[in-house]
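[1] Here's my sequence, what's the structure:
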Amino acid sequence: MTTQVSDVRLTQYAAGGGCACKVPPGELERVLADLPGGRAGGTGVGDLVVGLEHGDDGAAVRIDEGPDGRAVIATADFFTPVVDDAYDWGRIAAANALSDVYAMGGEPLLAINLLAWPREKIPFELAAEVLRGGADVCREAGTHLAGGHSIDDPEPKYGLAVTGFGRADGLLRNDAATAGSALTLTKPLGLGVLNNRHKATGERFEQAVATMTSLNRDASRAAVAAGIRAATDVTGFGLLGHLYKLARASGVTAVVDAAAVPYLDGARESYAAGYVPGGSRRNLDWVRPHLDSSLDEDELVLLADAQTSGGLLVAGELPGHPVVGELVPAGDFPLVVR
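    Down below sits the predicted model:
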């Protein structure tokens with residue numbers, strides 16, 4: 001019997017979903033530690049100014065001299081379906097990939113599609129809808145989308161490779177945060193548990209889709225205009241995982257005020273009902289040895305919840321967004337949650 005497009009639930013064709021299907025952070029760091037090259041160094045034209053040392057959101061190469069000299073920013077991001085609607089999945093994946101450039105204080109210029117599709121299982125008309133969603137978000141961002149690469153694959157996957165530009169000496173980086181800075185979060189948490197519930201039940205959460213398809217462009221531009229130097233986006237490693245990387249790279253301690261962290265409607269209820277991605281618990285296990293907190297396990301898992309196309313976590317204040325903590329001089333632990 002021929003599968004009808006309207007009957008397809010894309011999330012059922014993937015073992016994971018969205019950024020929650022990332023390789024666990026601890027495993028990834030062990031592999032990357034043994035790779036040659038990829039280390040930043042030098043200040044001249046052609047030098048790598050951001051490499052793989054600190055887990056930044058993209059790599060950057062200086063292409064111009066002087067204090068206002070530009071850097072090329074390059075990144076790639078793709079994942080399995082996080083929602084059943086093909087068009088929405090395309091929009092979410094594109095916004096998420098573009099976010100890596102915004103998280104570094106850059107402007108995306110060019111993107112190319114990355115598509116894997118089980119042609120014998122899912123009608124290819126749905127792949128066209130995925131690509132249409134990605135194209136619409138790139139159009140909103142003012143980013144050229146041209147070509148790409150596709151393969152036949154048992155699991156559907158989609159994303160973008162993105163090239164952008166930023167000021168080489170003004171990039172937002174993991175290693176540039178300073179003690180005394182506020183911590184600002186530009187999107188609420190809870191995407192992981194809501195997406196997990198959607199996959200299990202088919203319930204649609206409009207607030208989650210709206211959050212995941214919202215570009216981080218305006219927050220990035222505001223951070224750069226304010227002279228902020230450190231930021232990251234909150235995706236598969238959760239708030240605690242990405243904040244740990246930033247605090248470790250910058251040699252500071254991050255203090256999180258858990259009561260100030262915003263959550264999407266329905267997130268806590270979904271967590272209480274058991275809809276927790278495995279990646280969220282792995283995130284907490286990774287940061288636990290570096291964490292000082294008396295909060296209960298449930299609260300910590302939510303803070304480590306694996307996000308897809310989440311917001312920016314900025315070392316500085318951005319008007320209109322909540323301050324969720326502060327950076328202080330390095331102490332016994334790089335992460336403190338109270």
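
[2] Against Glu155, how distant is the closest residue to Lys121 other than its chain neighbours?
    Closest residue in space to Lys121, ignoring its immediate chain neighbours: Tyr13 at 6.7 Å, by C-beta to C-beta, 6 or more residues apart in numbering. Quick note: C-beta positions are derived from backbone N, CA and C, even for glycine. Going from Tyr13 to Glu155 by C-beta to C-beta, to the nearest Å gives 6 Å.

[3] what sits in contact with each of these two?
    80, 118 (C-beta atoms under 8 Å, 6 or more residues apart in numbering).

[4] Let me see the contact set for the residue nearest to Lys121.
    80-81, 118, 121-122, 155-156.

[5] Could you confirm Asn196 falls within a helix?
    Yes - going by DSSP: H, G, I helix; E, B strand; the rest coil, the assignment for Asn196 places it inside a helix.

[6] Let's see the pLDDT reported for the residue nearest to Leu335 when sequence neighbours are not counted.
    Leaving aside its chain neighbours, Leu335 sits nearest to Leu291 (4.5 Å; criterion: C-beta to C-beta, 6+ apart). In this model, Leu291 is scored at 98, pLDDT.

[7] to the chain's geometric centre, what's the distance from stretch 247-258?
    Centroid separation between stretch 247-258 and its chain, computed with C-alpha atoms, centre = their mean, to the nearest Å, is 18 Å.

[8] ends of it, how far apart?
    From its first residue to its last, stretch 247-258 covers 17 Å (C-alpha to C-alpha, to the nearest Å).

[9] and what of stretch 251-264?
    Using C-alpha to C-alpha, the two ends of stretch 251-264 sit 31 Å apart.

[10] ok, the residue positioned nearest the centre of the chain to Ser280 distance?
    Using C-alpha atoms, centre = their mean, the residue of the chain that lies closest to the mean C-alpha position is Thr235, 3.1 Å off. Applying C-beta to C-beta, the value for Thr235 to Ser280 is 12 Å.

[11] residues bridging contact with the two, i.e. touching both?
    Joint contacts of Thr235 and Ser280 (C-beta under 8 Å, 6+ apart) are Ala306.

[12] distance between the worst-scoring helix or strand of the chain on mean pLDDT and the chain's centre?
    Every helix and strand in the chain was compared by mean pLDDT, DSSP states H and E; the lowest is helix 25-33, with a mean of 71. Put simply, helix 25-33 sits 17 Å off its chain's centre (C-alpha atoms, centre = their mean).
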